[in-house]
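> fold the following and give me the result.
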Amino acid sequence: MSLNVETHEFMIPEKGVKQPTDIAEKWEKSEAYRDLLGFIGAMNNAVKNKKMRDEYHVSEMMEKLVSIMDAMSQWIDEIPPIDQPQRFGNKAYRDWFKRLQENANGLVRDALGEKYARAVDEVSVYLIESVGNSTRIDYGTGHELAFVAFMCCLYKIGALTESDAVATVFRLFARYLEVMRKLQLVYMLEPAGSQGVWCLDDYQFIPFIWGSSQLLDHPRLKPKSFPNPEICESFSKDYIFLGCIQHINKVKTGPFAEHSNQLWNISAVQLWSKVNSGLIKMYKAEVLSKFPAIQHFLFGSLLTLKPAT
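Numbering: from 1, shown residues only. I've put the predicted structure just below:
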């Protein structure tokens, strides 16, 4: 349900999970946790059995939001990596990040228009949080969660509606993924809090959830087929999950079973429906209940730590 933007009291989001016990006692009982999980589930349902090249509704608002991602991508071209001795964590990323910090409010204000102007200061914080950390020059699933929060807030204020659901995943989130991959490769961002080969992927998690929903009833593509590079090459433009695997194959070397052990295990699951429900459970356990990720999450008036009723 969207709220009244003219009367709602917005606030700048701030940290609320201060110690590990807050995860079970506050966070997992909060409105924010319920709303974010609900949003992930709603988008999961929206793209069920749909291909990215299918026809779907794209609103004017959606086009404007995607143009924010385009601007961020353009800045990467304008701020090249610098020569430095260490391979990871190119310091030019800090200049790029500073540009986003300085321009995020303006970008979001231009996209949302006058009607939603009062929400801009709160919503744009999640955009800044979604691209990585400029001190550590890293990026991970906590930052990805901030982008989920950004999109969720756009629904809460009414800027996006139910008819935008498919485009939210196939246009806005897919474009965000492209920009994040570009950032990772150009500035060699460290994976934030990566569990190495035991994690699903060094950087992302959500695209595997929504991507597996696209494949639920696919007549030919089964989970066992995704480690095959030729399958990914043929179908990556239609299926987010396969696009993720294709990206991993490009940036990692050696046997798939070694560099992506968790994904290799998932390929042994018989049904996409089991993969999809299993990934949602894994996301709750490996991302949403982990203090190192959630301690950085910011709570405002739209995503609050108040207990869910």
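> mind showing which ranges of this structure have poor pLDDT?
Across the chain, the ranges flagged by pLDDT under 70 are 1, 194-198.
> enumerate every residue touching the residue nearest the centre of it.
Nearest to the geometric centre of the chain sits Glu144, at 3.6 Å (CA atoms, centre = their mean). By CB atoms under 8 Å, 6 or more residues apart in numbering, the contact list for Glu144 reads 130, 180, 203-206. Yep, even glycine has a C-beta here, placed from its N, CA and C like the rest.
> what's the following helix or strand after the helix or strand hosting it?
Counting by DSSP states H and E, the element that carries Glu144 is helix 141-156. Downstream of helix 141-156, the first helix or strand assigned by DSSP H and E is helix 165-167.
> which SS class is the residue located most distally from the centre of the chain?
Farthest-out residue of the chain from its mean C-alpha position, per CA atoms, centre = their mean: Pro85, at 30.7 Å. Secondary structure, DSSP: H, G, I helix; E, B strand; the rest coil: Pro85 is coil.
> CA atoms only: put the helix holding Glu144 into CSV for me.
This file holds the C-alpha atoms of helix 141-156, laid out as CSV (Å, rounded to 0.1, in the frame of the first residue of the first chain):
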residue,chain,number,x,y,z
THR,A,141,24.9,-8.7,-0.8
GLY,A,142,24.4,-6.0,1.9
HIS,A,143,24.7,-3.4,-0.8
GLU,A,144,22.4,-5.4,-3.1
LEU,A,145,19.9,-5.4,-0.3
ALA,A,146,20.0,-1.6,-0.2
PHE,A,147,19.0,-1.6,-3.9
VAL,A,148,16.1,-3.9,-3.1
ALA,A,149,15.2,-1.4,-0.3
PHE,A,150,15.4,1.5,-2.9
MET,A,151,13.0,-0.3,-5.2
CYS,A,152,10.7,-1.3,-2.3
CYS,A,153,10.5,2.4,-1.2
LEU,A,154,9.5,3.5,-4.7
TYR,A,155,6.4,1.2,-4.3
LYS,A,156,5.7,2.4,-0.8
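> from the chain's centre, how far out does that helix sit?
The chain centroid and the centroid of helix 141-156 are separated by 7 Å under CA atoms, centre = their mean, to the nearest Å.
> now swap in stretch 169-186 and tell me
Between the centre of stretch 169-186 and the centre of its chain there are 9 Å (CA atoms, centre = their mean).
> how about residues contacting that stretch?
Residues from elsewhere that reach stretch 169-186 (CB under 8 Å, 6+ apart): 43, 46-47, 50, 52, 56, 58, 62, 65-66, 69-70, 72-73, 76, 80-81, 90, 93, 96, 130-132, 139, 144, 147, 151, 189, 203-204, 206-207, 210, 240, 243, 247, 251.
> so which of those belong to strands?
Tyr139 (DSSP state E).
> weed out the non-buried ones from the contacts of stretch 169-186.
43, 46-47, 50, 52, 56, 58, 62, 65-66, 69, 72, 76, 90, 93, 96, 130-132, 139, 144, 147, 151, 189, 203-204, 206-207, 210, 240, 243, 247 (16 or more other CB atoms under 10 Å).
> Gln84 and Lys91 touch, don't they?
Yes. Counting by CB atoms under 8 Å, Gln84 touches Lys91, with 6.2 Å between them.
> quick one: the residue farthest from the centre of the chain from Tyr187, how far?
With distances taken as CB to CB, to the nearest Å, Pro85 is found 15 Å from Tyr187.
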